[in-house]
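[1] What follows is a predicted protein model with its sequence.
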Amino acid sequence: MSETDCSILGIHSSPFKNGNTAYLLQHSLEEATKMKGVSAESVAIAGLSIADCRHCNWCMRGQTSDTLCSIEDDASPILKKIRDCDLLVLASPVYFSRLSGTMACLIDRTRCFTFGKEGHLALKDKVGIALAVGWCRNTGMETTLASLYGAFLVHEMWTLSCHPAGALYGVGAVAGQRNEDLSYKENKLGVKEDREALRNARLLIRKAVQTARVIKSSSAPLP
C-alpha cells in the first residue's frame, strides 16, 4: 500500500463551526490520524449553497467524471471529495428528533452516485460511519444515526458496529451536561464531558480505518 493508505473525509452540518458536532468529528479524525498512513480532511457544510436534488435524472445520461451533477453549487467539490475518499464520516446535530436539513440535502445530492452514467454505485465498498450530537439523550440520536446509516446502505457502502463501544449505528454524544440539581451547566462544549461518547468515537473510527484498509487490499471482487 502507499504511504497514505486510508483517506478520510469528515463532514459535519452544524452551524457552529467550532461547536459540539465539530468537536466530536475532529476528535474522531485526530484519533484516526494517529494511525500510520491515514490522512483526514474535515468539511463544514452549514452556510454553503447546497440546492435540493431535483431528481432530474441528468446524471443518468449526461454525467462526466468532472461534472457529477447538473447543479453547479457548493456541493460540487464536496461530491468529488466524497467520491475520492476511502472512509466517509458524517456528523450531524440532532434537530427535532432527526438529522439536520443541511445534511439531508447533501445526502440527497449523492443520488448522482447511485444512478450516475459515469459513477454508477461509485461509493460501493467505501466505509461509512455516523456521528450525532444532541442536547439530551433519547431525543433523536438513534433516529439521526439510523438515517445516516440508511444512506450508506443505499450506496452499498460498508457500515460498522463496534461492540466494545456499544455502537450499533454510530456514536451519539450529549452536549447538554447537567448539574446534580438537574440544571444545565453553562458549557458551550458539553460534549467534552461525555467521555463515554468520545471513547466510543475513538474505538469506532479505528475499526473503520482497519476495515477500509482490508477492503482496499483485497484482490478479490467484493459481492
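    Received, thanks.
[2] count of residues packed around the residue nearest to residue 211 when sequence neighbours are not counted?
    Of all residues not flanking residue 211 in the chain, residue 127 sits nearest, at 5.3 Å (CB to CB, 6 or more residues apart in numbering). From N, CA and C alone the C-beta is placed, and that goes for glycine too. A total of 28 residues lie near residue 127 under the criterion other CB atoms under 10 Å.
[3] Also residue 138?
    For residue 138, the count of nearby residues is 10 (other CB under 10 Å).
[4] Which element, helix or strand, includes it?
    In the assignment (DSSP states H and E), residue 138 maps to no helix and no strand.
[5] on that earlier part again, the residue nearest to residue 211 pairs with what?
    Residue 127 has the following beta-bridge partners by DSSP bridges: residue 87, residue 158.
[6] quick one: contacts for it?
    86-88, 157-160, 208, 211-212, 215 (CB atoms under 8 Å, 6 or more residues apart in numbering).
[7] any chance of the residues you listed in CSV, with pLDDT, distance to residue 98 and neighbour count too?
    Shown next, in CSV, are the contacts of residue 127 (pLDDT from 0 to 100; distance: CB to CB, whole Å; neighbours: other CB atoms under 10 Å):
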residue, pLDDT, distance to residue 98, neighbour count
86, 97, 28, 22
87, 98, 24, 25
88, 98, 20, 26
157, 97, 21, 20
158, 95, 24, 19
159, 93, 18, 20
160, 90, 22, 22
208, 96, 23, 25
211, 95, 27, 18
212, 95, 28, 26
215, 92, 30, 16
